[in-house]
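1. Sequence and computational prediction follow.
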Amino acid sequence: MADHAGTFVWYELTTPDIASAQAFYGAVAGWSIADAGMPGVDYRIARAGDVRICGMMAPTGCEPPAGARPGWLGYVAVADVDASAARVTAAGGRVTFGPRDIPGVGRFCMAADPQGAAFALFRGDGTPPPMPPPGTPATGSRPSPSMPACSAGKSPWRSIWGRWAPIRSSPATGSTSAG
């Protein structure tokens with residue numbers, strides 16, 4: 001199984017009107033969206049065919065920052081959430097929620113980079129699933145933070161995620177390359 005560390009492995013939409021979001025993304029993207037069956041939380045999973053694309057939920061107060069406007073959050077795979085969270089702080093970012101376990105799913109925390117851009121760190125329980133096929137959200141490029149240190153090869157992301165090389169995918173072949 002491929003090492004997913006440093007790649008976006010999940011996306012989540014937080015919105016106060018989940019029913020409207022479900023109708024919108026179902027119509028626009030053609031996703032089928034259904035309740036995930038998580039007790040106490042209205043959490044829905046969107047699929048394109050059999051491929052799980054993302055999650056959708058109403059604000060719970062833990063998303064960064066608390067009370068934020070509706071938006072998408074990317075989850076980055078890491079080998080150790082707690083160690084990566086400590087590196088976020090050491091690199092000038094901040095941990096906004098967690099680290100915390102999701103029973104039967106994995107461990108995560110929410111964080112923000114030095115410019116305030118939100119992301120989540122995630123380590124799943126068990127063997128990671130294969131990377132999604134080309135054309136699904138997790139096969140894109142990692143964002144490049146706009147900091148002068150990055151152009152000098154001193155990106156904080158290398159120490160947080162374990163590497164720094166945007167992953168590019170070829171929609172035609174499905175192959176990926178760093179660079």
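-> All right, it came through fine.
2. before we move on, could you check phi and psi at Phe24?
-> Backbone torsions for Phe24, taken as degrees, to the nearest 10, come to phi -60, psi -60.
3. what's around Gly30, how many residues?
-> Using other C-beta atoms under 10 Å, Gly30 has 10 other residues around it. C-betas here are computed from N, CA, C, even on glycine.
4. How much space separates it from Leu13?
-> 16 Å (C-beta to C-beta, to the nearest Å).
5. all strands of the chain, in order?
-> Here the chain has its strands, by DSSP state E, at 8-14, 32-35, 43-48, 51-57, 71-77, 94-102, 106-112, 118-124, 167-169, 176-178.
6. got those strands as CSV, with mean neighbour count, mean pLDDT and distance to Ala85 columns?
-> CSV is the format used below for those (neighbours: other C-beta atoms under 10 Å; pLDDT from 0 to 100; distance: least, C-beta to C-beta, whole Å):
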stretch, mean neighbour count, mean pLDDT, distance to Ala85
strand 8-14, 20, 89, 17
strand 32-35, 14, 95, 30
strand 43-48, 18, 93, 23
strand 51-57, 19, 90, 21
strand 71-77, 19, 90, 12
strand 94-102, 16, 91, 5
strand 106-112, 21, 93, 5
strand 118-124, 22, 92, 6
strand 167-169, 18, 35, 22
strand 176-178, 11, 37, 24
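7. As TSV, those strands with distance to Arg87 would be great.
-> Formatted as TSV, these follow (distance: least, C-beta to C-beta, whole Å):
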stretch	distance to Arg87
strand 8-14	18
strand 32-35	34
strand 43-48	28
strand 51-57	25
strand 71-77	12
strand 94-102	10
strand 106-112	10
strand 118-124	9
strand 167-169	20
strand 176-178	20
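8. can you tell me which of the ones you listed comes nearest to Val88?
-> Closest to Val88 of the strands of the chain, according to C-beta to C-beta: strand 106-112, at 4.7 Å.
9. Adjacent strands (with direction) for that closest one?
-> strand 94-102 (antiparallel), strand 118-124 (antiparallel) (DSSP bridges).
10. do you know which of these lies nearest Arg52?
-> Of all the strands paired with strand 106-112, strand 118-124 sits nearest to Arg52, with 12.3 Å by C-beta to C-beta.
11. That closest one vs strand 71-77, what angle?
-> Angle of strand 118-124 versus strand 71-77, following axes from the mean of the first three to the mean of the last three C-alpha atoms, to 10 degrees, is 40 degrees.
12. Outside of strand 118-124 itself, list whatever touches it.
-> For strand 118-124, the external contacting residues (C-beta atoms under 8 Å, 6 or more residues apart in numbering) are 9-10, 12, 63-65, 68, 71, 73-81, 84-85, 88, 96, 99, 105-113, 160.
13. Mind listing the residues bridging to Leu121?
-> Where Leu121 sits in a bridge, its partners, by DSSP bridges, are Val76, Cys109.
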